[in-house]
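Novice: Any chance you could fold what I've pasted below:
(one chain, ligands or ions: 3)
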Amino acid sequence: MTHDLVITGARVVSPGGVAACDIGITGGRIVTLGTGLTGAEVIDATGLIAMPGGIDSHVHIAQPSGPGVEMADDFASATRSAACGGNTTVMPFCLPEDGQSLREAVTAYHARAEGCCLTDVSFHLIVKSADPVTLGQDLPALIAQGLTSFKVFMTYQGMRLSDGEILQVMDVAREQGALTMVHAENEEAIEFLRDKAERDGRIAPVHHARTRPVPVEREATHRATTLAEVAGVPVMIVHVSNGAALDEIERARGRGVRVLAETCPQYITLTADDLDKAGFEGAKWVCSPPPRDTGEQAAIWAGLERGAFDVFSSDHCPFRFADPAGKDAPGARASFRNIPNGIPGVETRLPILFSEGVSKGRLSLETFARLTATNHARIYGLEHKGAIMIGMDADIVLWDPTLTRRISQSDLHHGADYTPWEGFEVTGWPVRTILRGHTVMENGTPVDTAPGRHVARIRPEITA
Ligand code: URP
Ligand code: ZN
Ligand code: ZN
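Specialist: Numbers count the residues shown, from 1 in each chain. Ligands and ions are numbered 1, 2, ... in the order given. Model prediction:
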C-alpha cells in the first residue's frame, strides 16, 4: 500500500512508548506504523522527534473583555501562533456578551472561527449565569452538539457564580455528561484585599499579585472540590498556581472525588517579582491566578513529576501592552484593578515545557506527550486526536530536540506586542506542524491554507 504522506526517520512518541518507525498517512489519518513505507510525499525526519500535535485545552480568543478592551488575537492570528508553537488543536471558551444567550454566543464564535483557522478548534463554554434558559435549554442543547465541557468562575465581577449556582450548574453537568472546569479564587477575599490596597495607595501592577495571595486560591480550590463532591460530579481545576491548592486537590482525590488538575507555563517559570518591574511594565505579567515565587514553582514541578497534574495548558489570553484597548486600558495606571487579566502564551507553552521538562531531564517524552496532547484529548472527548496511533487524525509535530534559541517577540505570530518570556532560553523547538496530513508550519513559517475546522466532542470518559 502506498500512502499520501510518509514520515521517515523520526523517533515516534506514542502511548506504547518511543520507537523508531515510519508513519504512513492517508486521507488525513494515520493508517500505518512500520518500516519501509512508501508514499506520494515523503518527509525525512531523521534526527527529529515525532510527537502528537499539541492540544491546548485552555485558550481565550476574541473573547469579549469589557467596554473598550479588545483581545489581541482573532482566530486567524491565534491559530497561526498555535501552529507555529507545535499545536494542532486549541480549545477556546465561548463567553456570551451581556444580553446574549449561550447558544447565540456559540453561533457568534463559529462565525469568528469559520474559514480562517490554521489549527482545529473545539469550543468549551463559559457559564456566567445560572438562569433557567441557560440551565434548562442552552446547556443541554450545546452539550448534545458536542460542546461537552464548560468553565465556571468563582472570581471576576459579572462572571462569578455563587456556590449555590455552581451546584445547579454541576447538576446539569451530571445529568448531561459534561465536565465542569473551575477557576478557583475567592472573590470576596480578593475584594477585601484590593479595596484595602487601593485605600493605602498601593495601586501598581504588583499589587494584583499581592491581593490574590495563595490562600484565596487554596480556599476556593477546597470549596470547588467540595462542591463537586456534594454534586457527585468530576471537576477540572484549571490554572493551579501553587502547592497548597494542589494539596487540596490531592486531599479531595483521597476522599474519592474525581478531580482533574491543570497547570500552565507561567507557574513554573514566572514569579510575582515580574509584576514588580518599574512603572507600568509589570502589567505585562498580570494574570489570574498570578505567578507566585520559586518555592511554589518547585511545588508545581514536584506535582508534574509525580503525575498530580493531568494537563499542561497555556491559558493564552493576550492583550497588547502599549494599547488603550489592551493592558493600558483607561484607569489601569490609576489602579491594578483595571488592568485586563491575561498573558499570551499559546506559541511558547510547548517549547517551555519541552525545554524545562524534557531537555532538563525532569519529564520523559511520553509524559510530555500526555501532558500536552494525549490527556487533553482523552479528558475532553476529542475522539480521534492526541496520540500517534493507527486510526487517529494525522496531527503530528516534529521536534528538533537540539535547537537552542531565545524566545523573542520578533519571532512569534500572536497579535500581542510582547511576550512575557522575552529572552528566555529554550532547548528543543517544533520545526514542522502537520494537521490531518497537511503541513501548517515549516521551520517557523506558517503555511496559510486555513485547513482548521471545529471538532465536536464525545462525552468525557470521566463523567461516565
Ligand atoms: O488572567 C487570566 N487567566 N485571564 C484569562 C481568564 C481566566 O481566568 O482564565
Ligand atoms: Zn480562569
Ligand atoms: Zn483562562
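
Novice: Next one: the residue of the stretch 351-464 of the chain found nearest ligand 1, what pLDDT does it get?
Specialist: At 11.6 Å from ligand 1, residue 420 is the closest residue in the stretch 351-464 of the chain, using CB to the nearest ligand atom. (Each C-beta comes from the backbone N, C-alpha and C, glycine too.) At residue 420, the model reports a pLDDT of 99.

Novice: and the closest residue to residue 390 other than its chain neighbours, how many neighbours does it have?
Specialist: Excluding the flanking residues, the one nearest residue 390 by CB to CB, 6 or more residues apart in numbering is residue 30, at 5.7 Å. Number of residues near residue 30 (other CB atoms under 10 Å) recorded here: 25.

Novice: Next: residue 118.
Specialist: Neighbours of residue 118 (other CB under 10 Å): 30.

Novice: swap in the one 4 residues further on?
Specialist: Counted with other CB under 10 Å, the neighbours of residue 122 add up to 25.

Novice: ditto for residue 114
Specialist: By other CB under 10 Å, neighbour count at residue 114 equals 12.

Novice: close to ligand 1, is the longest helix anywhere in the chain?
Specialist: Determined from DSSP state H, the single longest helix within the chain is helix 214-231. No: Helix 214-231 does not reach ligand 1 (CB under 6 Å from any ligand atom); its nearest approach is 11.7 Å.

Novice: just to revisit the earlier point, the helix or strand containing the residue nearest to residue 390 - contacts with which helices or strands?
Specialist: Assigned by DSSP states H and E, residue 30 belongs to strand 29-34. Applying 3 or more CB pairs under 8 Å, 6 or more residues apart in numbering; DSSP states H and E, we find strand 29-34 packed against strand 22-26.

Novice: would you put the C-alpha positions of the strand it packs on in CSV?
Specialist: Written as CSV, here are the backbone C-alpha positions of strand 22-26 (Å, rounded to 0.1, in the frame of the first residue of the first chain):
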residue,chain,number,x,y,z
ASP,A,22,7.7,5.3,9.7
ILE,A,23,4.3,6.9,9.9
GLY,A,24,2.0,6.3,7.0
ILE,A,25,-0.8,8.8,6.4
THR,A,26,-3.7,8.6,4.0
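
Novice: and that strand, what does it pack onto?
Specialist: Other helices and strands packing on strand 22-26, by 3+ CB pairs under 8 Å, 6+ apart, are strand 2-8, strand 29-34.

Novice: what's the angle from the longest one to strand 29-34?
Specialist: Put simply, strand 2-8 runs at 60 degrees to strand 29-34, going by axes from the mean of the first three to the mean of the last three CA atoms, to 10 degrees.

Novice: hang on, the earlier thing: okay, buried residues for the strand holding residue 30 please.
Specialist: 29, 30, 31, 32, 33 (16 or more other CB atoms under 10 Å).

Novice: Spell out which residues sit in contact with residue 11, please.
Specialist: Residues counted as contacts of residue 11 (CB atoms under 8 Å, 6 or more residues apart in numbering) are 18, 19, 20, 48, 49, 50, 365.

Novice: Among those residues, which lie within strands?
Specialist: Using DSSP state E, 18, 19, 20, 49, 50 are the members of the contacts of residue 11 that sit in strands.

Novice: who's the fourth one bridged to?
Specialist: Legend: beta-bridge partners of residue 49 under DSSP bridges are residue 11, residue 399.

Novice: Would you agree residue 426 falls within a helix?
Specialist: No: applying DSSP: H, G, I helix; E, B strand; the rest coil, one finds residue 426 to be strand, outside a helix.

Novice: List just the one of the helices and strands packed on strand 22-26 that sits closest to ligand 1.
Specialist: From the helices and strands packed on strand 22-26, taking CB to the nearest ligand atom, the stretch that ends up closest is strand 29-34, at 32.7 Å.

Novice: just checking, what packs against the next helix or strand after that closest one?
Specialist: Per DSSP H and E, the first helix or strand lying C-terminal to strand 29-34 is strand 38-44. Strand 38-44 makes packing contacts with strand 2-8 when contacts are defined by 3+ CB pairs under 8 Å, 6+ apart.

Novice: Tell me the strands beside the strand it packs on, with direction?
Specialist: strand 22-26 (antiparallel), strand 38-44 (parallel).

Novice: Check the ones you listed for me and report the most buried one.
Specialist: Comparing those by mean neighbour count (mean count of other CB atoms under 10 Å), strand 22-26 comes out on top with a mean of 23.

Novice: Now that strand: average pLDDT?
Specialist: 98.

Novice: Contacts made by that strand with the rest, please.
Specialist: Here strand 22-26 makes contact (CB under 8 Å, 6+ apart) with 1, 3-10, 12, 30-37, 39, 50, 388, 394, 396, 437.

Novice: Which residue lies nearest the spatial centre of this protein?
Specialist: residue 58 (2.6 Å; CA atoms, centre = their mean).

Novice: hang on, that one is in a strand, isn't it?
Specialist: Yes: checked against three-state DSSP, residue 58 lies within a strand.

Novice: Tally up the residues packed near the residue nearest to it when sequence neighbours are not counted, please.
Specialist: Spatial nearest neighbour of residue 58, chain neighbours left out: residue 313 (3.6 Å); criterion: CB to CB, 6+ apart. By other CB under 10 Å, the residues close to residue 313 number 25.

Novice: how about residue 313, phi and psi?
Specialist: Per-residue torsions, residue 313: phi -120, psi 180 (degrees, to the nearest 10).

Novice: pretty sure it contacts residue 346?
Specialist: No: taking CB atoms under 8 Å as the definition, residue 313 is not a contact partner of residue 346, at 9.3 Å.

Novice: shared neighbours, these two?
Specialist: Both residue 313 and residue 346 are in contact with 56, 59, where contact means CB under 8 Å, 6+ apart.

Novice: Mark which of the contacts of strand 22-26 are buried, thanks.
Specialist: 3-10, 12, 30-33, 37, 39, 50, 388, 394, 396, 437.

Novice: From what I see, residue 84 and residue 429 are in contact.
Specialist: No: with contacts counted by CB under 8 Å, residue 84 stays clear of residue 429, the gap being 10.2 Å.

Novice: what about these two, which has more around it?
Specialist: Legend: neighbour count by other CB under 10 Å for residue 84 and residue 429, higher for residue 84 (24 against 21).

Novice: Let me know the distance separating that one from residue 455.
Specialist: 20 Å (CB to CB, to the nearest Å).

Novice: picking up where we left off before, output the helices and strands packed on strand 22-26 as CSV; include the columns mean pLDDT.
Specialist: Shown next, in CSV, are these (pLDDT from 0 to 100):
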stretch, mean pLDDT
strand 2-8, 98
strand 29-34, 98
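
Novice: got TSV for these, with distance to ligand 1 too?
Specialist: Shown next, in TSV, are the helices and strands packed on strand 22-26 (distance: least, CB to the nearest ligand atom, whole Å):
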stretch	distance to ligand 1
strand 2-8	35
strand 29-34	33
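
Novice: looking at the ones you listed, which is closest to residue 166?
Specialist: Ranking the helices and strands packed on strand 22-26 by proximity to residue 166 (CB to CB) places strand 29-34 first, at 39.4 Å.

Novice: In PDB, list the C-alpha atoms belonging to that closest one.
Specialist: Output of strand 29-34 as PDB, limited to C-alpha atoms (Å, rounded to 0.1, in the frame of the first residue of the first chain):
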ATOM      1  CA  ARG A  29      -5.500   9.700   9.200                       C
ATOM      2  CA  ILE A  30      -2.600   7.600  10.500                       C
ATOM      3  CA  VAL A  31      -3.000   4.300   8.700                       C
ATOM      4  CA  THR A  32       0.300   2.500   9.100                       C
ATOM      5  CA  LEU A  33       3.200   2.500  11.700                       C
ATOM      6  CA  GLY A  34       6.100   0.400  10.400                       C
END
